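Participant: Pasting a predicted model and its sequence here:
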Amino acid sequence: MGIGAARFDSLVEGERVMGEVLISPIRSLSAVTASVIENVQAHLWWLGLSMLVGVALWGACGAWWRRRVRAALGSRTVVDLVPSRGFDPSVEEIGRHAARLARVSAAVGWLPRRASGVRMRHVSIEGRLATRLEGPTRAAGLLRLSSFPNVDVLEADRGSGEVRPVRFTNIAPLRVPDDGQES
């Protein structure tokens, strides 16, 4: 009988003969474990190199994404909405305007979330209260659309959109007692 003949249906003391190696449940587990450990040790340098390449790729993608955010935040469109004296919007017009602003992030496409938002400020232009919208350049057309009648849409200078902090000098801070009322 050749080596292959003993392979199939031979039983030796409750163990099945497969090939030339006797395998019992306990022996098979230890054999598999030993085989896995041996293969991992033989290819440990390859696993380490793969992990190093993965970490480097992750870092490069993160740096690229941060540069995209900086570039998108550096080139934003600023639009002023200046209402006329007879400005009185209806609830539907306000809803349309809010829905249009909510669509800006979808209109810009694949842009980082930090850079796809719309900043809304209230400013005074020539003594009239105006709303300043600042958003991504890709959504400039959407920001320039007027949702309200009797509202002038003005292209604002990005430099004038700077917000300066208010500083009070030589003024004592407001003292608030524990009961929450001003003194």
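Facilitator: Noted; the coordinates are in hand.

Participant: With just CA atoms, put stretch 109-118 into PDB.
Facilitator: Taking Å, rounded to 0.1, in the frame of the first residue of the first chain, the C-alpha atoms of stretch 109-118 are listed here in PDB:
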ATOM      1  CA  GLY A 109     -19.800  69.100  -3.700                       C
ATOM      2  CA  TRP A 110     -16.900  67.300  -2.100                       C
ATOM      3  CA  LEU A 111     -15.600  70.000   0.100                       C
ATOM      4  CA  PRO A 112     -14.500  69.600   3.800                       C
ATOM      5  CA  ARG A 113     -17.400  70.200   6.200                       C
ATOM      6  CA  ARG A 114     -15.400  73.000   8.000                       C
ATOM      7  CA  ALA A 115     -15.100  74.900   4.700                       C
ATOM      8  CA  SER A 116     -18.600  74.300   3.300                       C
ATOM      9  CA  GLY A 117     -20.600  76.200   6.000                       C
ATOM     10  CA  VAL A 118     -22.200  79.600   5.600                       C
END
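
Participant: show me the contacts for residue 115.
Facilitator: Residue 115 makes contact with 68-69, 72-73, 136, according to C-beta atoms under 8 Å, 6 or more residues apart in numbering. C-beta here means a position set from N, CA and C on the backbone, and glycine is covered the same way.

Participant: What about the residues you listed, which one has the most neighbours?
Facilitator: In terms of neighbour count, residue 136 stands highest of the contacts of residue 115 at 24 neighbours, by other C-beta atoms under 10 Å.

Participant: Just name the shakiest helix or strand of this protein by mean pLDDT.
Facilitator: Least confident helix or strand of the chain, by mean pLDDT, DSSP states H and E, is strand 11-12 with a mean of 46.
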